[in-house]
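Chemist: structure of the sequence below:
(chains A and B)
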2 protein chains.
Amino acid sequence: MPNPKLPLPIIVVVIIAFVITSFPPSLAPQPSNSPSSSKWAPRFLGKFSTTTPKPRPPHRQQQQPKIRYETRYFAQRLDHFSFTDTPKFQHRYLINTEHWVGAQRLGPIFFYCGNEGGIEWFAENTGFVWELAPRFGAMVLFPEHRYYGESMPYGSEEEAYKNASTLSFLTAEQALADFAVLITELKRNLSAEGCPVVLFGGSYGGMLAAWMRLKYPHIAIGALASSAPILQFEDIVPTETFYNIVSNDFRRESSSCFNTIKESWDALVTEGQKDNGLVQLTKTFRLCRELKKIDDLSDWLDSAYSYLAMVNYPYPAEFVMPLPGHPIKEVCRKIDDCPDGTSTLERVFEGVSIFYNYTGQAECFELEDTSDVGTDGWNWQACTEMVMPMSSGRDASMFPTYDFNLSSFEDECLKNYNVKPRPTWITTEYGGHDIMVTLKAFGSNIIFSNGLLDPWSGGSVLQNVSETIIALVAEEGAHHLDLRFSTKDDPKWLIEQRETEIKLIEGWIEKFYQERKADFDM
Amino acid sequence: MPNPKLPLPIIVVVIIAFVITSFPPSLAPQPSNSPSSSKWAPRFLGKFSTTTPKPRPPHRQQQQPKIRYETRYFAQRLDHFSFTDTPKFQHRYLINTEHWVGAQRLGPIFFYCGNEGGIEWFAENTGFVWELAPRFGAMVLFPEHRYYGESMPYGSEEEAYKNASTLSFLTAEQALADFAVLITELKRNLSAEGCPVVLFGGSYGGMLAAWMRLKYPHIAIGALASSAPILQFEDIVPTETFYNIVSNDFRRESSSCFNTIKESWDALVTEGQKDNGLVQLTKTFRLCRELKKIDDLSDWLDSAYSYLAMVNYPYPAEFVMPLPGHPIKEVCRKIDDCPDGTSTLERVFEGVSIFYNYTGQAECFELEDTSDVGTDGWNWQACTEMVMPMSSGRDASMFPTYDFNLSSFEDECLKNYNVKPRPTWITTEYGGHDIMVTLKAFGSNIIFSNGLLDPWSGGSVLQNVSETIIALVAEEGAHHLDLRFSTKDDPKWLIEQRETEIKLIEGWIEKFYQERKADFDM
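Modeler: Numbering: from 1, shown residues only, chains lettered A, B, ... in the order given. From the prediction side, this is the model:
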């Protein structure tokens, strides 16, 4: 809870301004009567990171355990898969060796696969790895993902994001190769070639961790892939999955909450089409500037619901925003508990205020500036490899109905980035179809952990594939909750889930030592 | 044996001219007193293929069973791993569906990973796959490797091989991605997504098959990797391995043969340094043009010995040259059986004549033209990814002593191709170090078959890694003999080896059907 003695309006406004300008512009559902082009691109949480440290109320800084690391840079090849003459870039990574038992004792290396944002933010929000390191005598590495944070090709973000040609090396394959080269070189320099590497990752980082274990089994002995929707491609899972899970998160709290939100989209259109309607909406939603079109507002609402579903944690957290525990329960309480006669739109405003203004410090709200689409790394990835088709159905979803339309999506990508998506590439490169058959006889040592409240869980692996490719499913879990620092409020199931993960990782490491010993003794 | 009634001097001269101009220029050992730069690049047999069909004496054409296929082309992306705007190229593949039981019955697809040469030649020399297809009701696919045969980016060989920039996409990773995209698209078009794919490959093609199974387990259920030296990188195996095996192939026939060859390098230098020495050597070795430097001749001799070791088959064959069965035995007999008083150099000339002129039709010999190094695809690959360090020691080798020197090698690559090798990339991308530990708990369904007479066997996998990653080792085998058409002269061990391979492949396919059925029944 915010400390009432410390009003910090300036800082809070900065946070809110950041968050709302960083929403992907092309993601929101369209009011049902204006079926839109291809607005439903995938959304992860990486955009909540910043290249500069995010301001945070001082009393809250103390809640989160401090992490210590050294920041280093590695001259990384821009293109690993061809011999074109491209300049190297400075690949940033965070390293901590204070608990490492060293190369001679084959101390493990815990390697977090950096995802779509500045790496410090992921390091700060992946407490599990930091808590585990002393227990395992492990080195901790957090390499950044290329084209995010400070790891900018061509010397600057401006140059790196200039056009499709400079952006063209922003792919998952290149990022995995960065990781592979970095860890190989680092181990060589430390004479630590024999040390086992364990991969960690959440969300897109979890996808990278799983794929890295599959593609580079000689580099890492196992991977904990938390909330990693590696099946959210093509038609592997139904396209409605994501928004159905979001919707269900609200319906399970209260069906009237679900219904109010479901009705609100039409109400929005009706209101907006009135004379002076946009001005009225501007007032109802306390926007800082006059609303230009209804879409901008529906994007803003949709974003709040989707992110709320991801961070629907059982205790107060500040991962993306300062939020209470069980935030969706709070949102629905706000929506449902309004006095009789409160309009649908006033109710949803009260609801999303839990997300956008839990501290109560915001004077007004800035909607996202959609003019600079081209500078968003994840949107580029969504427009190239990470084509995750999403739609919204008539009944199970509280969002406006929407069908994914590949050709409109392609048009948008061409317009925004001058690039054509390759919607079947990810499954060609990493698989996904028939994963239960494909991986049963191949691969080992991957944990897919998921919380069923997380809308991304629908595109992840929710069943054990084999004895060593394990699915851990938590009914009450949200987006990679297991990777966060432990807290005194952790529910029992979360404590147990983490213990299971630790046991599995211990097993990988023990087996590795045994096999190495057997090989050595031969 | 050549038919004496059919003298075919013109055709034979064409063959010989082809072969001797296609030897890599920078491969030969240097006389011990002139330690050379970096001449020992890896050599495979792919350069014996041509883009135009190789002429062959008509009576021999009938010895080889006819194969039937359709030639098709697929518009393939030049760069799979970035979104740069590069033109597509026509990727050639050979296809035969006459024995395929079809998509509905989940007919298997036998997929040969094309290597460094025109694909027809590999198709013709991989009879095992053709013989197996009817037995398994399988489709047969022989996709070509990019930048070889007709699969030329930029429309022509001339354009593709223009410079380092146009050549930059000639990498194993891009070739594997070609294969992955091709088979995925092809299966989609045939509604054959459920059909199991089995990979085959020999030599570099065998490396590709093994790597493809490791990197694309969702695409192929298993791989027969014949004579695939995936460990011939960095210091994984001793750098002397290759030339020691070649040497041993000669020593096991006769130690005097081994000694004569070992002495010949110094004799060559002594002779060449005499007044008129090069003229005399030109005469002794029946060269068509006057010898310009001793190196060219030692390259020519070294090539003969190395290739002889690879194709040291137990029956007459025309894989790279018309040769008798057990050709090294013949070479040594020639060397040893010369009348007393025959000089060392005259003896080795008699010996290598078995290789270069077994039909006896050659009037004179052309040494290799080293002026157009830059047009050899495999040399480009050796100068970029496929850095296989090789050296020649003092005792076990019959070749001049030679140490691999990376920096001289790099200089040569810079000079020839304007490219800098990445000697540690292959092991970073595919592994290799500690393969017994790394793959024990990961991966399945790979057969590494090798013949110990083959100098490449030293860099291959010669021990079972796990229950499903199997090494088949034939003491009397040479370079991917198992992949050739069966003949009436096949020794018993070869017949048995192939039967084992067939049983293993059957096992993969049966297990695949069972698992698919179990998954379907669930």
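
Chemist: contacts only, for A:Ser156.
Modeler: A:Ser156 makes contact with no residue, according to Cβ atoms under 8 Å, 6 or more residues apart in numbering or on different chains. To be clear about C-beta, it is placed using only N, CA and C from the backbone, and glycine gets the same treatment.

Chemist: can you count the residues close to A:Met390?
Modeler: Other residues within reach of A:Met390, judged by other Cβ atoms under 10 Å in any protein chain shown, total 25.

Chemist: hang on, it packs against A:Phe242?
Modeler: Yes: at 5.1 Å, A:Met390 and A:Phe242 qualify as touching, with contact defined as Cβ atoms under 8 Å.

Chemist: anything in contact with each of these two?
Modeler: Taking Cβ under 8 Å, 6+ apart as the contact definition, A:Met390 and A:Phe242 share the neighbouring residues A:Pro42.

Chemist: where do the strands of chain A begin and end?
Modeler: Ranges of strands within chain A are A:70-76, A:89-96, A:109-112, A:139-143, A:197-202, A:222-226, A:446-451, A:469-474, based on DSSP state E.

Chemist: just tell me which of those ends up closest to B:Tyr358.
Modeler: Comparing these by their distance to B:Tyr358 (Cβ to Cβ), the top pick is strand A:70-76, with 52.5 Å.

Chemist: that closest one and chain B, any residue contact?
Modeler: No: with Cβ under 8 Å from any Cβ of the partner chain as the measure, strand A:70-76 is seen stopping short of chain B, the closest distance being 12.4 Å.

Chemist: only alpha carbons, please: show that strand as CSV.
Modeler: In CSV, the C-alpha atoms belonging to strand A:70-76 read as follows (Å, rounded to 0.1, in the frame of the first residue of the first chain):
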residue,chain,number,x,y,z
GLU,A,70,28.8,-6.3,-12.5
THR,A,71,27.8,-5.0,-15.9
ARG,A,72,30.0,-6.1,-18.8
TYR,A,73,30.0,-5.9,-22.6
PHE,A,74,31.0,-8.5,-25.2
ALA,A,75,31.8,-7.7,-28.8
GLN,A,76,29.1,-9.7,-30.5
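
Chemist: that strand packs against which elements?
Modeler: Strand A:70-76 makes packing contacts with strand A:89-96, helix A:172-189 when contacts are defined by 3 or more Cβ pairs under 8 Å, 6 or more residues apart in numbering or on different chains; DSSP states H and E.

Chemist: of all those, which one is nearest chain B?
Modeler: Go through the helices and strands packed on strand A:70-76 one by one with Cβ to the nearest Cβ and the one that ends up closest to chain B is helix A:172-189, at 4.9 Å.

Chemist: so what touches that closest one?
Modeler: Contacts of helix A:172-189 from elsewhere in the structure, counted by Cβ under 8 Å, 6+ apart, are A:74, A:76-81, A:91, A:93, A:109, A:111, A:113-114, A:141, A:143, A:145-146, A:192-193, A:195, A:197, A:207-208, A:211-212, A:215-216, A:219-220, A:381, A:385-386, A:426, A:429, B:81-82, B:424, B:427-429.

Chemist: now, of these, which are buried?
Modeler: With neighbours counted using 16 or more other Cβ atoms under 10 Å in any protein chain shown, the contacts of helix A:172-189 contain these buried positions: A:74, A:76-81, A:91, A:93, A:109, A:111, A:113-114, A:141, A:143, A:145-146, A:192, A:195, A:197, A:207-208, A:211-212, A:215-216, A:219-220, A:381, A:385-386, A:426, A:429, B:81-82, B:427-429.

Chemist: where does A:Arg252 fall, phi/psi-wise?
Modeler: Per-residue torsions, A:Arg252: phi -60, psi -20 (degrees, to the nearest 10).

Chemist: do A:Lys162 as well
Modeler: With angles defined as degrees, to the nearest 10, A:Lys162 shows backbone torsions of phi -60, psi -50.

Chemist: how much space between A:Phe242 and A:Ser49?
Modeler: Noted for A:Phe242: a distance of 22 Å to A:Ser49, by Cβ to Cβ, to the nearest Å.

Chemist: do the same with A:Leu297
Modeler: Computed with Cβ to Cβ, the distance linking A:Leu297 and A:Ser49 is 25 Å.

Chemist: looking at these two, which has the bigger crowd around it?
Modeler: Just comparing A:Leu297 and A:Ser49: by other Cβ under 10 Å the higher neighbour count belongs to A:Leu297, 25 against 22.

Chemist: these two touch, right, the more buried one and A:Leu281?
Modeler: Yes: counting by Cβ under 8 Å, A:Leu297 touches A:Leu281, with 6.1 Å between them.

Chemist: before we move on, back to that, adding distance to A:Ile335, write the strands of chain A out as JSON lines.
Modeler: Converted to JSON lines, these look like this (distance: least, Cβ to Cβ, whole Å):
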{"stretch": "strand A:70-76", "distance to A:Ile335": "44"}
{"stretch": "strand A:89-96", "distance to A:Ile335": "41"}
{"stretch": "strand A:109-112", "distance to A:Ile335": "37"}
{"stretch": "strand A:139-143", "distance to A:Ile335": "39"}
{"stretch": "strand A:197-202", "distance to A:Ile335": "29"}
{"stretch": "strand A:222-226", "distance to A:Ile335": "30"}
{"stretch": "strand A:446-451", "distance to A:Ile335": "23"}
{"stretch": "strand A:469-474", "distance to A:Ile335": "26"}
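
Chemist: turn those into TSV, columns for mean pLDDT.
Modeler: Below are those laid out as TSV (pLDDT from 0 to 100):
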stretch	mean pLDDT
strand A:70-76	98
strand A:89-96	98
strand A:109-112	98
strand A:139-143	98
strand A:197-202	98
strand A:222-226	98
strand A:446-451	98
strand A:469-474	98
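
Chemist: out of those strands, which is the most enclosed?
Modeler: Relative to the other members of the strands of chain A, strand A:222-226 carries the highest mean neighbour count by mean count of other Cβ atoms under 10 Å in any protein chain shown, namely a mean of 31.

Chemist: who touches it?
Modeler: The contact list for strand A:222-226 (Cβ under 8 Å, 6+ apart) reads A:198-203, A:206-207, A:209-210, A:212-213, A:444-450, A:480, A:482-483, A:501, A:504-505, A:508.

Chemist: give me the sheet partners of it and which way each runs.
Modeler: For strand A:222-226, the paired strands and their directions (DSSP bridges) are strand A:197-202 (parallel), strand A:446-451 (parallel).

Chemist: just want the angle from the last one to strand A:469-474.
Modeler: Which is strand A:446-451. For strand A:446-451 against strand A:469-474, the angle between stretch directions is 10 degrees (axes from the mean of the first three to the mean of the last three Cα atoms, to 10 degrees).

Chemist: which residues touch strand A:446-451?
Modeler: So strand A:446-451 is contacted by A:210, A:213-214, A:222-228, A:456-457, A:460-462, A:468-482, A:497, A:501, A:504 (Cβ under 8 Å, 6+ apart).

Chemist: swap in 6 Å and give it another go.
Modeler: Residues from elsewhere that reach strand A:446-451 (Cβ atoms under 6 Å, 6 or more residues apart in numbering or on different chains): A:210, A:213, A:223-227, A:457, A:460-461, A:469-474, A:477-478, A:481-482, A:501, A:504.

Chemist: please apply the same query to the first one.
Modeler: Under the contact criterion Cβ under 6 Å, 6+ apart, strand A:197-202 has outside partners A:108-113, A:129, A:208-209, A:212-213, A:220, A:222-227, A:480, A:483, A:505.

Chemist: mind running it again at 8 Å?
Modeler: Applying Cβ under 8 Å, 6+ apart, the set of residues contacting strand A:197-202 from outside is A:108-113, A:115, A:122, A:126, A:128-129, A:138, A:183, A:207-210, A:212-213, A:219-228, A:479-480, A:483, A:505, A:508-509.
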